[in-house]
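Peer 1: Sequence unavailable; structure follows:
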């Protein structure tokens, strides 16, 4: 067996561990995020351009899993988790643009990719002791539902979903509370950043971990981040096979996990070209990329609620990727803000002029595309992160019509839903976890 690729903490204060151990842990013991000790170099010619998303993922991730106990199961993990399409289709009205649709999974959002992959990995990892593993997930809308669906009914695992009360769409809230059984939803009296802080505090509490074994399914989890590279690789390889050259991406981003996956796919050698980060009115990233210092702050509520993040966790991984060289990082990416008025205008324009409906998050990427002059060569891929029907409270009054609901989402909405209130303090989550029987 080859030597496993080791994973290290972005903060450098934790021992290197095998990939499977990093996936199981979620957060490194020094509070940092796990990253591979190196990013392998891949040859695009080694991929089958006619393969499925699962085929692309298995080839892409093989160097990361080499020598790990999960290595032999990697093709089965990919086939089990990535069994839905991620089409790259033309965008109406722009010959130089495509839409990468990531919302065809069971909860109608891109988070299904990472959540299902993580669940498939954890099912195959051995666990010591009889106590269940509790998966903590902070969500600004879509992550919690994807994780709940991926782990619902899985023996030996429980899921606690924390979301900001009143700051997700009604359908998102219903999804989050619709599982029951081993999945419970907590509506936190605060913002997403509070939920994220509470999860990190619990994961870093050694005494709590001894009493209640914990892991994470947020984008701080390496097991969620790695498979997200696969759809960027798959789309870019398709484009190269059909058109030649690289494919440029405009990625809606909040906590930076989705965008970081695109950055890493490019770093591995896949034919990914320019990467633009589309942000809402939360300007932490746009200000940094414009030359200011990195200044986390409290998140603002916007129409693109799943991106309402003022302190993106994966910025730590992004800095690690560029060896702490902020100027190199600024040269590698661009980030721009899109306010709510522009989101509304973009949604209306695409619906009226082009007959297409998008979610508010995808609209931030479309707004950046609208600022770009048409190209004669190459193409932008706008990343569509969620199905518009999840945001009926925004879209239906704006567009003056009802949104067709995908069957899987409709079935989830028909189930009863329940969420428990929780104060936005670290201690309240600790006490709740200690009392969960």
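Peer 2: Yep, that arrived. Just so it is clear, the model here is predicted, and its values are computed rather than measured.
Peer 1: quick one, phi psi at residue 136?
Peer 2: Main-chain torsions, residue 136, degrees, to the nearest 10: phi -100, psi 130.
Peer 1: oh sorry, the question was meant for residue 335
Peer 2: The phi/psi pair for residue 335 (degrees, to the nearest 10) is phi -140, psi 140.
Peer 1: So it versus residue 256, what's the distance?
Peer 2: Going from residue 335 to residue 256 by Cβ to Cβ, to the nearest Å gives 10 Å. Yep, even glycine has a C-beta here, placed from its N, CA and C like the rest.
Peer 1: Between the two, which contacts overlap?
Peer 2: residue 285 (Cβ atoms under 8 Å, 6 or more residues apart in numbering).
Peer 1: In the chain, where's the longest helix?
Peer 2: For the chain, the helix with the greatest residue count under DSSP state H is helix 222-243.
Peer 1: Now find how far off-centre the lowest-mean-pLDDT helix or strand in the chain is within its chain.
Peer 2: Lowest on mean pLDDT, DSSP states H and E among the helices and strands of the chain sits strand 214-216, with a mean of 87. Relative to its chain's centre, strand 214-216 lies at 16 Å (Cα atoms, centre = their mean, to the nearest Å).
Peer 1: Kindly report the same for stretch 125-136.
Peer 2: 23 Å.
Peer 1: All the helices of the stretch 1-150 of the chain, in order from the start?
Peer 2: Along the stretch 1-150 of the chain, the stretches classed as helices by DSSP state H, counting those that start in this stretch are 19-25, 53-65, 74-81, 111-124, 143-151.
Peer 1: Distance from the chain centre to the next helix or strand after the last one, please.
Peer 2: It stands for helix 143-151. Later in the chain than helix 143-151, the nearest helix or strand by DSSP states H and E is strand 157-164. From the chain centre to the centre of strand 157-164 is a distance of 16 Å (Cα atoms, centre = their mean).
Peer 1: Which strands and helices lie in contact with strand 157-164?
Peer 2: Using 3 or more Cβ pairs under 8 Å, 6 or more residues apart in numbering; DSSP states H and E, the elements in contact with strand 157-164 are strand 133-138, helix 143-151, helix 170-176, strand 183-188, helix 192-203, helix 426-435.
Peer 1: which residues of the stretch 201-350 of the chain score low on pLDDT?
Peer 2: For the stretch 201-350 of the chain, no stretch has pLDDT under 70.
Peer 1: residue ranges for the strands of it, please.
Peer 2: Secondary structure of the stretch 201-350 of the chain (DSSP state E, counting those that start in this stretch): strands at 214-216, 247-252, 272-279, 334-337.
Peer 1: How about the contacts made by the closest residue to residue 204 other than its chain neighbours?
Peer 2: Using Cβ to Cβ, 6 or more residues apart in numbering and skipping the chain neighbours, the partner closest in space to residue 204 is residue 31 (5.4 Å). Contacts of residue 31 were listed using Cβ under 8 Å, 6+ apart, and they are 11, 200, 204.
Peer 1: By neighbour count, which of those wins?
Peer 2: With neighbours taken as other Cβ atoms under 10 Å, the top of the contacts of residue 31 is residue 200, carrying 20 neighbours.
Peer 1: So that one sits against residue 27, correct?
Peer 2: Yes. Using Cβ atoms under 8 Å, residue 200 is in contact with residue 27, at 6.6 Å.
Peer 1: who touches both of these two?
Peer 2: Common neighbours of residue 200 and residue 27 (Cβ under 8 Å, 6+ apart) are residue 220.
Peer 1: ok, residue 427 to residue 202 distance?
Peer 2: Applying Cβ to Cβ to residue 427 and residue 202 gives a distance of 10 Å.
Peer 1: If anything else comes up later, I'll come back, but that's it for now.
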